[in-house]
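Q: Here is my input, please return the structure:
(2 chains)
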There are 2 protein chains.
Amino acid sequence: MSASPASVRASAWAALERHARELAATRIAALFEDAPERARDMSASACGLYLDYSKQRMSARTRELLLALAEACALATWRERMFAGEAVNGTEDRAALHVALRWPPGQPMPGSTLARSAPQEVEQVLARIAAFCDAVRGARWTGFTGEPVRDVVNIGIGGSDLGPAMVCRALQAWSDGRLRCHFVSNVDSTDLASVLAACDPRSTLFIVASKTFSTEETLLNARSARAWLVAAAGGDEAAVQRHFVAVSSALERCAAFGIPAPNVFGFWDWVGGRYSLWSAIGLSIALFAGMDAFRALQRGAHAMDRHFLEAPAAMNLPVLLALIGVWNRSLLDCPTHAVLPYDHALALLPAYLQQLEMESNGKGVDRAGATLQRPAAPVLWGTLGNNGQHAFYQMMHQGLDSVPADIIVPAASQQPLPGHEDALVANALAQAEAFMRGRSLDEARASLAGSGLDGDALERAARHRVMPGNRASSVLLYRRLTPEVLGSLIALYEHKVFVQAVCWDINPFDQFGVELGKELAKSLRPLLEGRGEAGAHDASTRELVARVLALRAGQ
Amino acid sequence: MSASPASVRASAWAALERHARELAATRIAALFEDAPERARDMSASACGLYLDYSKQRMSARTRELLLALAEACALATWRERMFAGEAVNGTEDRAALHVALRWPPGQPMPGSTLARSAPQEVEQVLARIAAFCDAVRGARWTGFTGEPVRDVVNIGIGGSDLGPAMVCRALQAWSDGRLRCHFVSNVDSTDLASVLAACDPRSTLFIVASKTFSTEETLLNARSARAWLVAAAGGDEAAVQRHFVAVSSALERCAAFGIPAPNVFGFWDWVGGRYSLWSAIGLSIALFAGMDAFRALQRGAHAMDRHFLEAPAAMNLPVLLALIGVWNRSLLDCPTHAVLPYDHALALLPAYLQQLEMESNGKGVDRAGATLQRPAAPVLWGTLGNNGQHAFYQMMHQGLDSVPADIIVPAASQQPLPGHEDALVANALAQAEAFMRGRSLDEARASLAGSGLDGDALERAARHRVMPGNRASSVLLYRRLTPEVLGSLIALYEHKVFVQAVCWDINPFDQFGVELGKELAKSLRPLLEGRGEAGAHDASTRELVARVLALRAGQ
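A: Take a look at the predicted model:
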């Protein structure tokens, strides 16, 4: 009688838990002494990315047990199902086929009818995007006075904002300067107003990005932008279709807004918001960095898709990155994970990954609806590494909590200047080293030689300079951030999240947790207008509404 | 025989621990039922800020025990010592007298000689800043071709960057548009290069902000900026003093760089980097938003200083905010804390507070050098609230971990447009409500009525829609973000951090944890230039250096 899948998974977890207890007292530095080849053994590379995970708190045995967990969780089967376009988003009975968005249309894609036809459908939209970019960038698309487009304003939020904003920022060096690109997301009108103040209505193109064309924030911003444009056009509503395009599946709502079907770029229900930058949601990328860069971005992602599909698990970057995360989160109980890019072009990557990981795996129940036994996604946070050194690294080095980190390092800068690159790389690698190594009390004492301190004063000063060390980090290294490398990097994290979801047995593609807040906000709106019954809300919320009204009345 | 201070503290902690166990099973919603006046009782206001902390997982008894802890830790004495200019930064034997930076010079300041004389010294620097702003903004200060200044580039990192950058962003509405302000911090030259690409050397003024004028990143950026300027001036080094000023205490190093003493704005060793935006480090604020706004910012901070000094602890905003944080971190074991501003102008507040809290209290030893019994500063993270709703709130609502949050809400927007403000406030308050309330399985089932689901399918769908609730948050509400309100808000968090340091018995004013990384980086530099001995570094670091060199060589 063979064991049930659930009991196979349970024993893989149990083996990891035993192993974690055995390894608890072992320091990372000691693991290097035990295994002279550790630095090379615990590294892997693909698509121009080199991953060194030898400074994690794990041994070759840990890796073995983690790989066994992935197998026990049927990773290969789940991966196959995702690429085949099966309904891996079980709670919503949908595929999650973002890999089709970057699959070369001429090549066979494995699996179902959906997966076979999707790349062609995608190509048709991409062809429309290419033609549109040509028209806008070639100044054949003009505004209501005949001016070509100078400013592009993407209006969207969440997945319709973070992905394209992150990529446009990362590919600034690929812009020829013809177009400026802005991103408006926040419902606070200070966001839109400050962007509009820098734009001329005659030469501004708005992209309204909302799958359903009903996202509250996006529609409010779109309507306010529309009013600004129409006012500038002397009240001529016909100007709208020369200044607004949409990325949406809701053709009728777009038309009602004033955007006719030819100006709407569609996508599919198998594209989740946080996996959508490869679709028409990436229109701003194509406009800003050019269609060639957008295609290169997709090629890089596709290369990572192939690697994820084909490479053995022990050398598979997304699998490794995911299992390291599972180890830190579920076995070593680290509640947060830091992403620290040393590449200035990746300034928005932490915010992007925050959504990707926390919205995908920030769940409390498994696929069957049972409460999880361990928390899933950690809090993902971070900022540009060099800036972080002067901000919060203090806590990472000397606080009692351990924060595992991904340290992302370019060998060369996008916009190099003499002396900067070496300083950048030296800082990045030195921090990873310092996290692991720490500073012992003896070393701290030695560092104070010549300070003139002695006795108790020396001892106290030394204690304040001790760093526990044994803090885990991985380094992700590449030559230079190009659209291809960026595409591979993003796809790496997408698949990492998927692998973790498989290990934690959760559905990463739904997000029911965001619903309640929206419902409650809707029921609060009338109260803020002085109408409606407050009774359904708690005393604190009622009091806060009253305070807001009083403050607005100047009391 | 009276108890020792340490044993008084220990029993205050022990009482809190017992109480936390008693309260563990009580839900916040139940606390509202027990205390009808809870919403008003658990609120306080000062300086235009209204704090509602009734949706924290705490009772009136909790507050009582926390206030007893603060007393046991001699908060009043420590506060007095700080305001008096005593060496509260014990490990560095320095005062931390940032409150003197905003103390009205005509009014008596309590305490030591230092505290008595500091406001006058500050006023002298402020007068120089005011005169300089007049000259720049009045176009009397001109560049090497006689052009007035159009772009100001602040070159600094950490405290010399995050504070002024955050405030300039927050006070954009106070700018008259005469000057544009940029912030360059990262050692990756992509940062500087992309700013320079948008500037004209003839009308660009650089502020080099570094207390010691030796911060590696800042000096690298300053030298590269200098080279750019001198090249544009046809090699004329004399142009430097018309385009560079410094905020520094190191007059000789400034002079060697080409900045003469009249163009250097000083500060004092009693101003810590992360408390320095009120000093000459705020020069960019004064230039961008105007000296009046800078003075108003200081007035707001001073009002909070007075409140912190004078208000009873139970109504003292910094004390309350600090104790709530101690409760969540040290008694309820929440490893992170989210800051969620719904005011778009506060986009950079989370990054600013990350440094303020994590560099100050991210320590592992107490004042005496003994290892802490509980971790101190949590990971502080967050983003604009409305954007976060579409990114990571999923995890805050449905993940198994509890993330306490500060939700910061303006009753009115800085740049209002019809319909936006109500949506903003409704969303903010609704999220706080949803965090506390959650959605039970019954409610989830009810929400699916009419979905056509039944039996197991209904049950499973309902389970995916359950939200545990009982998630703690505070709301900080104000009418509209003005320079005064912003000043009060920043000072509120500064003092919060101080009160927490007192409770945790740590020195918040040093940062020895950042030293080791700098030392190791220095020793890695020669290796990247192909010189030196790698032996002192671990195998992973050596391998990474080799990979970097190989990547650069195109291998």
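Q: Contacts for stretch A:436-455, please.
A: A:28-29, A:55, A:397, A:458-459, A:461-463, A:465-473, B:516, B:520, B:538, B:540 (CB atoms under 8 Å, 6 or more residues apart in numbering or on different chains). Yep, even glycine has a C-beta here, placed from its N, CA and C like the rest.
Q: just the buried members of those?
A: Buried subset of the contacts of stretch A:436-455 (neighbour count, 16 or more other CB atoms under 10 Å in any protein chain shown): A:28, A:55, A:397, A:458, A:461-463, A:465-473, B:516, B:520, B:538, B:540.
Q: among these, which are in helices?
A: Judged by DSSP state H, helices contain the following of the buried ones among the contacts of stretch A:436-455: A:28, A:397, A:458, A:461-463, B:516, B:520, B:540.
Q: Nearest to B:Leu429 among those?
A: A:His397 (38.4 Å; CB to CB).
Q: Not counting sequence-adjacent ones, nearest residue to the closest one?
A: Distance criterion CB to CB, 6 or more residues apart in numbering or on different chains; nearest residue to A:His397, sequence neighbours excluded, is B:Gly513 at 3.7 Å.
Q: OK, contacts around the one you found?
A: So B:Gly513 contacts A:393-398, A:467, B:362-363 (CB under 8 Å, 6+ apart).
Q: and with 6 Å instead?
A: A:394, A:397-398 (CB atoms under 6 Å, 6 or more residues apart in numbering or on different chains).
Q: any chance you could map the strands in chain A?
A: Counting by DSSP state E, chain A has strands at residues A:43-46, A:49-52, A:151-155, A:180-184, A:204-209, A:244-247, A:264-265, A:336-341, A:379-381, A:405-410, A:473-478.
Q: Mean pLDDT and distance to chain B for the ones you listed - can I get that in TSV?
A: Formatted as TSV, the strands of chain A follow (pLDDT from 0 to 100; distance: least, CB to the nearest CB, whole Å):
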stretch	mean pLDDT	distance to chain B
strand A:43-46	98	7
strand A:49-52	98	6
strand A:151-155	98	13
strand A:180-184	98	10
strand A:204-209	98	12
strand A:244-247	98	16
strand A:264-265	98	20
strand A:336-341	98	5
strand A:379-381	98	4
strand A:405-410	98	8
strand A:473-478	98	6
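Q: nearest to B:Glu421, of the ones you listed?
A: strand A:180-184 (16.2 Å).
Q: What pairs with the closest one, parallel or antiparallel?
A: Note on strand A:180-184: by DSSP bridges, its sheet partners are strand A:151-155 (parallel).
Q: So what touches the strand it pairs with?
A: A:164, A:179-184, A:195, A:199, A:204-208, A:218, A:221-222, A:284, A:287.
Q: rerun that using 8 Å as the cut-off
A: Residues contacting strand A:151-155 (CB under 8 Å, 6+ apart): A:136, A:160-161, A:164-165, A:179-185, A:192, A:195, A:198-200, A:203-209, A:218, A:221-222, A:225, A:283-284, A:287-288.
Q: helices or strands up against the longest helix seen in chain A?
A: Longest helix in chain A, counting residues (DSSP H): helix A:113-137. Judged by 3 or more CB pairs under 8 Å, 6 or more residues apart in numbering or on different chains; DSSP states H and E, helix A:113-137 is in contact with strand A:264-265, helix A:283-289, helix A:291-310.
Q: and among those, the most buried is which?
A: Comparing the helices and strands packed on helix A:113-137 by mean neighbour count (mean count of other CB atoms under 10 Å in any protein chain shown), helix A:283-289 ranks first with a mean of 26.
Q: Please say whether there is contact between it and chain B.
A: No: figure legend: helix A:283-289 not in contact with chain B (CB under 8 Å from any CB of the partner chain); closest approach 13.7 Å.
Q: hang on, the earlier thing: can you point out the buried residues in the longest helix of chain A?
A: Applying 16+ other CB under 10 Å to helix A:113-137 flags A:114-115, A:118-119, A:122, A:125-126, A:128-129, A:132-133, A:136-137 as buried.
Q: where are the low-confidence patches of chain A?
A: A:1, A:555 (pLDDT under 70).
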